[in-house]
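*Asks:* sequence first, predicted model second:
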Amino acid sequence: QVQLVESGGGLVQAGGSLRLSCAASGRILGVNTMGWYRQSSGNERELVARIDSGDYITYSDSVKGRFTISGDIAKNTVYLQMNSLKPEDTAVYYCNAVLTFYSGFSIRAADSWGKGTLVTVSS
């Protein structure tokens with residue numbers, strides 16, 4: 001009923017840049033937050049950056065000053081500009097949206113995830 005589709009991952013050398021995109025589709029009523037999480041091998045999924053409907057932005061300390069989240073919550077899209085990439089940024093990056101959507105004649109809340117896009121930073 002709700003789909004999140006990410007794009008923009010790939011292989012980049014340390015110090016390089018990548019831009020991730022995410023679009024949510026479906027019978028969406030409203031979006032509370034959209035953001036990016038990442039999971040590297042052997043580690044738990046962690047927040048990278050998040051923006052809410054009031055444009056309040058949260059970054060993890062590890063990416064502050066290097067990554068920038070942007071987007072239009074009203075249009076169900078979010079981007080992540082990643083600069084000065086480091087090998088430790090290597091991970092699968094997941095788009096996340098906390099939203100409400102129509103399901104039949106009902107309205108439901110969901111914490112939706114994309115399938116992820118791999119970012120690999122070589123040293």
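*Replies:* Cool, the structure landed. For clarity, every value in this text was computed on a predicted model and none was experimentally measured. Numbering: from 1, shown residues only.

*Asks:* so Thr68 belongs to a helix, correct?
*Replies:* No. Using DSSP: H, G, I helix; E, B strand; the rest coil, the secondary structure at Thr68 is strand, not a helix.

*Asks:* per-residue pLDDT, it?
*Replies:* You'll see Thr68 listed with a pLDDT of 98.

*Asks:* ok, it touching Ser84?
*Replies:* No. Thr68 is beyond contact range of Ser84, at 11.3 Å (criterion: C-beta atoms under 8 Å). C-betas here are computed from N, CA, C, even on glycine.

*Asks:* strands of the chain, start to end?
*Replies:* 2-7, 10-13, 18-26, 28-39, 46-52, 57-59, 67-72, 77-82, 91-103, 106-113, 117-122 (DSSP state E).

*Asks:* in CSV: these, plus mean neighbour count.
*Replies:* Putting these into CSV (neighbours: other C-beta atoms under 10 Å) gives the following:
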stretch, mean neighbour count
strand 2-7, 17
strand 10-13, 13
strand 18-26, 19
strand 28-39, 20
strand 46-52, 18
strand 57-59, 15
strand 67-72, 17
strand 77-82, 22
strand 91-103, 20
strand 106-113, 13
strand 117-122, 17
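
*Asks:* partners of the residue nearest the centre of the chain in the sheet?
*Replies:* Compute the mean C-alpha point of the chain, and by C-alpha atoms, centre = their mean the closest residue is Trp36, 2.5 Å away. Beta-bridge pairing of Trp36 under DSSP bridges involves Ala49, Cys95.

*Asks:* how near is it to Leu18?
*Replies:* Between Trp36 and Leu18 the computed distance is 12 Å (C-beta to C-beta, to the nearest Å).
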